[in-house]
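**Student:** Sequence and predicted model, in that order:
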Amino acid sequence: KAGVTQTPRYLIKTRGQQVTLSCSPISGHRSVSWYQQTPGQGLQFLFEYFSETQRNKGNFPGRFSGRQFSNSRSEMNVSTLELGDSALYLCASSLEQGVLVQYFGPGTRLLVL
Amino acid sequence: DQQVKQNSPSLSVQEGRISILNCDYTNSMFDYFLWYKKYPAEGPTFLISISSIKDKNEDGRFTVFLNKSAKHLSLHIVPSQPGDSAVYFCAASIQGAQKLVFGQGTRLTINP
């Protein structure tokens, strides 16, 4: 079974731009979560989607948003990029909501200049 | 406010010996704990988990111990192998919340 895939793997943007990252979960997995990893803050939860609805949200500003499609694929969007948004963005999937073992993709490395 | 803490940024162990990685948490509501391993340029890989109703869980060379009264968990790797060299993260969650709270990670180096 293929693992979680994320595209693109690397991205360079400038301040003020917006970016969309994509995640395809493991086949059959219906819950998708997003995390941000930075050297200073570590791995932090952004949000979780299940059945095309955001079920949980972390402590991030409204510039960070996401959505999930009927095939469980998910996208996250960051608008008005700031230098501090430079990070590794990780997507994780689990079979159902409430199943706490999450399987991570390789991440998208975003650099904001 | 760091709810999950891994106080050792790094650990060096001889091949074949036991590696012990530690993790402390402050939120008594956490009832499910996981360990992940991460190589550079890859996402975290799930290793082992434990529910708060247990105090030990084993899977091959990996054993996780949970001490709820001390709010402490540890991961034992026996015997340690060179391929175990990676960054290890512990994570905690409240069942139903679908949100993992991670520690800062411990870089484990296995020396031949």
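**Tutor:** Noted; the coordinates are in hand. What you see is a predicted model, and the numbers here were worked out from it, not measured in a lab. Numbering: from 1, shown residues only, chains lettered A, B, ... in the order given.
**Student:** May I have the phi/psi pair for A:T53?
**Tutor:** When read as degrees, to the nearest 10, the backbone of A:T53 gives phi -130, psi 140.
**Student:** Just give me the neighbour total for it.
**Tutor:** A:T53 has 10 neighbours, counted by other Cβ atoms under 10 Å in any protein chain shown. For the C-beta atoms, the positions are set from N, CA and C on the backbone; glycine is no exception.
**Student:** cool, A:N56 as well?
**Tutor:** The burial count for A:N56: 17, using other Cβ under 10 Å.
**Student:** Got the confidence number for it?
**Tutor:** Note for A:N56: predicted pLDDT of 89.
**Student:** Equivalent analysis for B:D1, please.
**Tutor:** 66.
**Student:** before we move on, what about A:F60?
**Tutor:** 95.
**Student:** Could you check how far it is from B:V101?
**Tutor:** 14 Å (Cβ to Cβ, to the nearest Å).
**Student:** Neighbour count: these two, which is higher?
**Tutor:** Using other Cβ under 10 Å as the criterion, A:F60 and B:V101 rank with B:V101 on top: 21 against 16.
**Student:** Surely that one and B:S93 touch.
**Tutor:** Yes: here B:V101 reaches B:S93: they are 6.8 Å apart, a contact under Cβ atoms under 8 Å.
**Student:** measure stretch B:56-65 end to end?
**Tutor:** Terminal residues of stretch B:56-65 lie 5 Å apart, using Cα to Cα, to the nearest Å.
**Student:** repeat for stretch B:74-88
**Tutor:** One end of stretch B:74-88 sits 11 Å from the other (Cα to Cα).
**Student:** Which residue, other than its chain neighbours, is closest to B:H72?
**Tutor:** Nearest non-adjacent residue to B:H72, counting by Cβ to Cβ, 6 or more residues apart in numbering or on different chains: B:D24, 5.3 Å away.
**Student:** give me the number of residues near that neighbour?
**Tutor:** Look at B:D24: counted by other Cβ under 10 Å, it has 18 neighbours.
**Student:** burial count for the closest residue to chain A within chain B?
**Tutor:** At 3.4 Å from chain A, B:G43 is the closest residue in chain B, using Cβ to the nearest Cβ. Here the number of neighbours of B:G43 (other Cβ under 10 Å) works out to 21.
**Student:** Sweet, I'm off.
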